[in-house]
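Q: mind looking at a prediction? Sequence and model below.
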Amino acid sequence: MIRITTLVLLMMLAGCAGMGVEPWERDLLAKDSMQLTPDYFENFYDEHIYFSKEASSGGQGVGGGGCGCN
Amino acid sequence: MQLKKIKGRMAVATCALLQATSPMASAAGSEWDVDTSFLYYGEADGRVQAFEPAIHAGRALGDDDRIELRLVADALTGATPNGAYAIDGVAQTFTTPSGNSSYTIAPGEQPLDDTFHDTRIALGADYTQSLDRMSRIIWGANLSTEYDYLALGVSANYARDFNNRNTTLNIGLGFNNDSVDPEGGVPTEFAPMKVADTGKNVSGDSETKTITDLMIGVTQVVNRKTIVQLNLTLGSVSGYQNDPYKIVTVTADPATGLPVNGTDPSFFDSGVTGNLPYVYEKRPDSRQKNILFFKAMHHLEEDVVDFSYRYYSDDWGINSHTLGLKYRYQLADSYLQPQVRYYSQSAADFYRHNLVLGSDIDVSGNVLVDYASHDYRLAESETITLGLKYGMPMANDSEFSVRAGLITQSVNDGAVPAGQETPDLDAMMLQVNYSFVW
Amino acid sequence: MRLMKYTFFLAMIILSQLALAAHEAPAIKLPTADGQVDLAELQGKVVYLDFWASWCKPCRSSFPWMHEMQERYRTEGLEVLAVNLDKDRKLADEFLQDMDVNFLIAFDEAGESAAQYQVRGMPSSYLISRDGKLYASHVGFREKDKAKMEAAIRQLLAQQ
């Protein structure tokens, strides 16, 4: 899986060179609602709740606090 | 010629820079962006309730750098499953983690330990250090402390923009060191739970684990309305990973699942040895995780679609799929956002309904399997969350929002005797948020 | 680190000046709130050409500075021309309501002028000499760049 993903990431990095917008076309992308984490605590609480109820966690980034959640 | 001229110009520019006084130093970046939030999380049937107020503030430092601070308090009460299962017609007695008292669960009821309560304080700080116009490093530190648990972490995330800022490469490294200091001491792995006040089987006062995460990701602007993200995370956890409060039932007959009792074998004759028919769980001390995370945000001129998918896999045998979909429906000035999340996981290899006398554990209490846990979180399960958020922008760049969600988690226990299934978990959450510029 | 950043910045200026040196500034003919502006008609003046949008945060802090520059150097022949690139003119008008503007504002919803000037970030600015040649360009707007930008304006104003 790691190899495939790395390949996909590299392909994205290379293949995406043609994608995108001009700097003055970022009106929608600049909106708060279009940020990858539009609501700080919504994301934070969700991660916290599911971390304590499910066996999987992470994926969105590294860092953040651990807990001994039961 | 040209270069010489430019050199001359630069000299002039540098002098100009030195003599330039900026009496009207702009106020740019002198404001804090503050999020204040409160979460209520409540599980049905008297299980866990959490109250979690939090504050997060970020501000620019100079032109390009930024600092973010976070403070979260967390008060937990309620009961949590102790790892044993419900049995029709049989009342079960357990000892609390302190080893000093006992509680009895009625026949047919899921065994819950209601001595569980905790207060947690978590602090976090991130510093974004701009390296040049296209790259930056975010340094992070966090600390979380509760009654029996301390987590310390540091992280570094490097981000670099390419392709006219349409592509961003992210590389993150995180390191956490956690220590657990369980109530009543660290129970000896696979040792039987003892009758109250007969001495808990402990192997020490505290244990630690370290968590290392490496993430590599790309975000890509697809077009004016679409941005996507793909992350690969490799995680490694080593050290103590048991839940010190969870036990596994020992049975002589898997067809009935009844706990061994008394006379045969004498090891579990609690009247004589003080050993109850439950042993403390044991998990591997190493866990390797691979996580693939994909997210897409799409703007529909008014509304916004937020889609995410995560594939998770670890060497405990857990594979999971997580799908998230949020649709932000723009009203005149405010917005409404229905949310749905679907989660499905397979069981850990060592997830066991019980340990069977003779094959898994011998008459002297020696456990013959490497690991075992009946923590429902390691079982095959599904979680469905339905939520709705309402957000209302207000004057001066502030926003108020409220979000409610219903969570249903169902466990597939596999073939277990009737009545011993893990019941569904129903929970609700309510989040109130106020963000403002200060 | 600071030295590195500074060197990087100088390198950027030198590179951009090399690339731009002696090039004709592409033509600009765009509507304003009550008429039209033609870059060709500003010959004889030093033009500070700025590309901005209402959603761009540093653009917001660049406006008071452009106001200051226009006021300080008007008599020496500086003309600030700020081209708005919003797709929705309404948003630009809302932005302008908050601003004290003493310079030229033009509107280019299609962004063709920005494409002509190969704008690489928002905001972007270009200094155009009295004879219509590109003299320097700058991407972004940072507090720490102000003095350098003003110095460049002064140099160009000093050239006859």
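A: Done, it's in. Residues are numbered from 1 along each chain as shown, chains lettered A, B, ... in the order given.

Q: all helices for the chain, in order.
A: This is for chain A. For chain A, the helices defined by DSSP state H occupy A:2-15, A:40-53.

Q: my question was about chain B
A: Ranges of helices in chain B, per DSSP H, are B:2-19, B:270-273.

Q: weakest of the ones you listed by average pLDDT?
A: For those, mean pLDDT drops lowest on helix B:2-19, to a mean of 34.

Q: minimum distance to chain B, which residue of chain A gives it?
A: The minimum distance from chain A to chain B, using CB to the nearest CB, falls at A:Gly20 (2.7 Å). Backbone N, C-alpha and C define where each C-beta goes, glycine included.

Q: isn't that residue right up against B:Thr167?
A: Yes - with contact defined as CB atoms under 8 Å, A:Gly20 counts as touching B:Thr167 (7.1 Å).

Q: overlap in contacts, these two.
A: Residues touching both A:Gly20 and B:Thr167 (CB atoms under 8 Å, 6 or more residues apart in numbering or on different chains): B:Gln220, B:Val221.

Q: flag the shaky bits of the chain, pLDDT-wise.
A: You didn't pick a chain, so chain A it is. For chain A, applying pLDDT under 70 flags the ranges A:1-17, A:63-70.

Q: chain C is the one I meant
A: Chain C contains residues with pLDDT under 70 at C:1-22, C:160.

Q: quick check: which element contains the residue nearest the centre of chain C?
A: Central residue of chain C (CA atoms, centre = their mean): C:Asp50, 2.4 Å from the mean position. Taking DSSP states H and E as the criterion, C:Asp50 maps to strand C:46-52.

Q: so does that strand get close to chain B?
A: No - Strand C:46-52 does not reach chain B (CB under 8 Å from any CB of the partner chain); its nearest approach is 14.4 Å.

Q: show me what that strand is packed up against.
A: The contact analysis (3 or more CB pairs under 8 Å, 6 or more residues apart in numbering or on different chains; DSSP states H and E) places strand C:46-52 against helix C:57-73, strand C:78-84, strand C:124-128, helix C:146-158.

Q: give me the spatial nearest neighbour of the spatially most central residue of chain B, chain neighbours excluded.
A: For chain B, the residue nearest the mean C-alpha position is B:Arg377 (11.9 Å; CA atoms, centre = their mean). Spatial nearest neighbour of B:Arg377, chain neighbours left out: A:Ala55 (5.4 Å); criterion: CB to CB, 6 or more residues apart in numbering or on different chains.

Q: surely the one you found meets B:Ser320?
A: Yes - here A:Ala55 reaches B:Ser320: they are 7.0 Å apart, a contact under CB under 8 Å.

Q: more crowded one of these two?
A: Between A:Ala55 and B:Ser320, A:Ala55 has the larger neighbour count (other CB atoms under 10 Å in any protein chain shown), namely 26 against 21.

Q: now for the closest residue to the residue of chain A closest to chain B other than its chain neighbours: which residues touch it?
A: Nearest non-adjacent residue to A:Gly20, counting by CB to CB, 6+ apart: B:Asn166, 2.7 Å away. The neighbours of B:Asn166, taking CB under 8 Å, 6+ apart as the test, are A:Cys16, A:Met19, A:Gly20, A:Val21, B:Gln220, B:Val221.

Q: make it 10 Å
A: With contact set as CB atoms under 10 Å, 6 or more residues apart in numbering or on different chains, B:Asn166 has these partners: A:16-23, A:26, A:29, B:219-223, B:227.

Q: name the residues of chain C found near chain A, please.
A: C:51-57, C:83-88, C:91, C:108, C:111, C:113-115, C:118-124, C:139 (CB under 10 Å from any CB of the partner chain).
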